[in-house]
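Visitor: Structure for this input, please:
(chains A and B)
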Protein chains: 2
Amino acid sequence: MKRREADTMRIALDAMGGDLAPASTVEGALMAAKEWTDAEIVLVGDEAKLTPLLKERPPNVSIRHAPDVIEADDEPVRAVRRKKEASMVVCARMVREGEADAMISAGNTGALMACGLLVVGRIPGVDRPALGQMFPTLDGRGVLVLDLGANMDAEPRHLVHYAVMAGIYLSRVRGLANPRIGLLNVGTEEGKGNALSKAAYPLLREAPVRFVGNVEARDVLFGVCDALVTDGFAGNILLKAIEGTAGMLLKEIKREFTASLPRKLAAAVLAPGLKGLRAKLDYREYNGAPLFGLDGIVVKGHGSSDAKGICNAILQARKAVACDLAGTIAAEMKGLEMRE
Amino acid sequence: MKRREADTMRIALDAMGGDLAPASTVEGALMAAKEWTDAEIVLVGDEAKLTPLLKERPPNVSIRHAPDVIEADDEPVRAVRRKKEASMVVCARMVREGEADAMISAGNTGALMACGLLVVGRIPGVDRPALGQMFPTLDGRGVLVLDLGANMDAEPRHLVHYAVMAGIYLSRVRGLANPRIGLLNVGTEEGKGNALSKAAYPLLREAPVRFVGNVEARDVLFGVCDALVTDGFAGNILLKAIEGTAGMLLKEIKREFTASLPRKLAAAVLAPGLKGLRAKLDYREYNGAPLFGLDGIVVKGHGSSDAKGICNAILQARKAVACDLAGTIAAEMKGLEMRE
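Guide: Sure, this is the predicted structure:
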């Protein structure tokens, strides 16, 4: 990847990616551009659709026309290979060519991963890039879980790479001192688990991270670790089980609380409390995790990102650029290889 | 296994197993004995501890002395081999020797599995027995998930065995016509997943069950299938993620609702609604799933089973005996082998 030489940073935003795009992306870009005037935001997408939405024109927001779009149901690798003028692919090319310091997309996750691998490229020493996401926790710190599905059948050393990358990200981008790294498992004792987790445990103990041992799925939301490593299959099951259960419960509570007039009145008194709880579980606050292991900053936004979510993702990209996340990971991975 | 020849059925209950034992097991046995007078319940455990708790003595409840106990933190296989007079091991021996038609324990799950394998034995044709549990679903039907951790690294054909056994159990014991069997996966489309789920998919489609395809973790609680098959690692992650998220949310809601006097008053109005929601998610209603693939009825109760939970587990054991669950599974597995 070419590094961009410039005073300000430039962030390419896939304006067509996400369930609420392009309204969410345009609005999110405007929010971010006002807040961080040191960042130049390039909305990449269909100019005819973007221009009418862009009511204001701050000096640090521009449009780069890209006529095509990768859809949610496109087959990732084929879409990235064929749709060379899709907004997401153009963003990735801008990162590779040094025209942008980072890219963000809330579109098709598989395609974003393919963009990362095929267009941006891997960091030497990272065999399998990973998909991470911050989960909200009760103590408000949040926990980064990776991999969430980039690499379904991981090998033990992949989990070590995830741990090292997560540690760098949390300390450099999220500002967390000495982050605690856990291994998702079925019990807390060493020796528990499947072949993968059993083999990864001793490797993680020797790795240059603060390994806090096995973490059970039920403890994840209580903030017992700052990052949790696992294979893409188990990580995806964990993510969707937590999201599904929380979503179902909050929906049911709403239904119960609006079932009669007395209940509605009582619920009004409790609304601030429920709102507080919802806010604690708000994924938008944590939106925007990079694809870990790519030779450039590629940030994934949640598919249902609204303007606030996009704005947060831009903030994450900005921080990752500011601390040279990709370069730092590359240097650390080199050190890790030499130790092996 | 020897089959017992008798008019009434006899169920051996590990009176010392479970967080709340022996108070919960004794009380649960008394509840069940009153309700189902056709079942004889044998409380297996330390007579000196059980006798004072057994205030009533219905004719169909008795005590079988077993001086030893397998603890929650005992290493399963070693404990079963060494503690031959532990309550759980005595129960298993009673099943093997035809002295009991079924056994129930809410104790150490790994040890119960070891009891099943080492004492009771497998059904020919089932390579790996599985641990199943009913999860509550919003529609009130519940979903059986297996395996929850008996077999960490499953092979594709193991998942087919689970599907066949789950189908028999749901139709015979739970009375569900033509149960829908799903495969836990990271997406609903065929071709998604890790090596295991990709290989299991076509096998399940050909199996003698009503296979409804891949099921994502977020949809499990909505009742999209009646049984869900997966490997023990992913199943355990799913179970604990759902339990942990639901438990955390309900606890937080309680905290929010008791934070001030006005909130407490309002919460009183809403209490029935919340209670209804809690009841929907009450694992006790579904307590008691057999270990699948054993040559005898071995029923696992939730570790935190109270008397009601134990009583429900006894009901499940009674139904499993009444329909000859083990024999039916054995016959079906033979048919499956011939087809292969």
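Visitor: how close does the residue nearest the centre of chain A get to chain B?
Guide: When chain A is reduced to its mean C-alpha position, the closest residue under C-alpha atoms, centre = their mean turns out to be A:Ala289, at 2.2 Å. Using C-beta to the nearest C-beta, to the nearest Å, we find A:Ala289 at a distance of 18 Å from chain B. Every C-beta, even on glycine, is put in place using the N, C-alpha and C of the backbone.
Visitor: cool, and A:Glu56?
Guide: 38 Å.
Visitor: ok, now which ones touch that residue?
Guide: A:Glu56 is in contact with A:Leu30, counting by C-beta atoms under 8 Å, 6 or more residues apart in numbering or on different chains.
Visitor: So the closest residue to A:Asn185 other than its chain neighbours, which state does it fall into?
Guide: Distance criterion C-beta to C-beta, 6 or more residues apart in numbering or on different chains; nearest residue to A:Asn185, sequence neighbours excluded, is A:Asn214 at 3.8 Å. On the three-state scheme (DSSP: H, G, I helix; E, B strand; the rest coil), A:Asn214 is labelled strand.
Visitor: residue boundaries of the helices in chain A?
Guide: With helices called from DSSP state H, chain A shows them at A:23-35, A:47-53, A:76-82, A:87-96, A:109-115, A:156-172, A:195-206, A:232-257, A:261-280, A:307-322, A:325-339.
Visitor: Ranked by average pLDDT, which of those helices falls at the bottom?
Guide: Comparing mean pLDDT across these, the weakest is helix A:261-280, with a mean of 75.
Visitor: for A:Leu112, what are its contacts?
Guide: Counting by C-beta under 8 Å, 6+ apart, A:Leu112 has contacts A:Gly17, A:Met88, A:Ser105, A:Leu291, A:Val298, A:Lys300.
Visitor: Any of the residues you listed buried? List them.
Guide: A:Gly17, A:Met88, A:Ser105, A:Leu291, A:Val298, A:Lys300 (16 or more other C-beta atoms under 10 Å in any protein chain shown).
Visitor: Which member of these is positioned nearest B:Arg210?
Guide: Out of those, the one with the shortest distance to B:Arg210 is A:Lys300. That distance is 36.9 Å, counting by C-beta to C-beta.
Visitor: Looks like that closest one contacts A:Gly107 (just checking).
Guide: No - using C-beta atoms under 8 Å, A:Lys300 makes no contact with A:Gly107, being 9.0 Å away.
Visitor: Report the separation between the residue of chain A most remote from its centre and A:Leu131.
Guide: In chain A, A:Pro262 marks the outermost C-alpha relative to the chain mean, sitting 42.1 Å out by C-alpha atoms, centre = their mean. With distances defined as C-beta to C-beta, to the nearest Å, the gap from A:Pro262 to A:Leu131 amounts to 46 Å.
Visitor: How about A:Gly303?
Guide: A:Gly303 sits at a distance of 13 Å from A:Leu131 (criterion: C-beta to C-beta).
Visitor: With neighbour numbers in mind, choose between these two.
Guide: A:Leu131 (26 against 17; other C-beta atoms under 10 Å in any protein chain shown).
Visitor: Verify the contact between the more buried one and A:Val145 for me.
Guide: No - at 9.4 Å, A:Leu131 and A:Val145 do not qualify as touching, with contact defined as C-beta under 8 Å.
Visitor: For A:Ile329, which residues are in contact?
Guide: A:Ile123, A:Val126, A:Val164, A:Met165, A:Ile168, A:Tyr169, A:Phe292, A:Gly293.
Visitor: try it again with 6 Å
Guide: Contacts for A:Ile329 were tallied using C-beta atoms under 6 Å, 6 or more residues apart in numbering or on different chains; they are A:Ile123, A:Met165, A:Ile168.
Visitor: residues near the first one, how many?
Guide: Meaning A:Ile123. With neighbours defined by other C-beta under 10 Å, the count for A:Ile123 comes to 23.
Visitor: Quick one, grab the pLDDT at it.
Guide: So A:Ile123 comes in at 94 (pLDDT).
Visitor: residues near the closest residue to chain B within the stretch 1-150 of chain A, how many?
Guide: Checking the stretch 1-150 of chain A residue by residue against chain B with C-beta to the nearest C-beta singles out A:Gly149 as nearest, at 5.7 Å. Summarising burial for A:Gly149: neighbours were counted as other C-beta under 10 Å, giving 26.
Visitor: wait, isn't it in contact with A:Gly232?
Guide: Yes - the criterion here is C-beta atoms under 6 Å, and A:Gly149 meets it with A:Gly232 at 4.4 Å.
Visitor: Around chain B, pick out the residues from chain A.
Guide: Within chain A, the positions lying close to chain B (C-beta under 6 Å from any C-beta of the partner chain) are A:149, A:152-153, A:186, A:194-195, A:216-218, A:221, A:233-234, A:236-238, A:240-246, A:248-249, A:252, A:256, A:262-263, A:266, A:269-270, A:273, A:277.
Visitor: which residues sit in contact with A:Tyr169?
Guide: Residues in contact with A:Tyr169, defined by C-beta under 6 Å, 6+ apart, are absent; none qualify.
Visitor: I'd like the distance between it and chain B.
Guide: For A:Tyr169, the distance to chain B under the criterion C-beta to the nearest C-beta works out to 23 Å.
Visitor: isn't A:Pro179 right next to A:Leu170, touching?
Guide: Yes - A contact is recorded between A:Pro179 and A:Leu170 when judged using C-beta under 6 Å, the distance being 4.0 Å.
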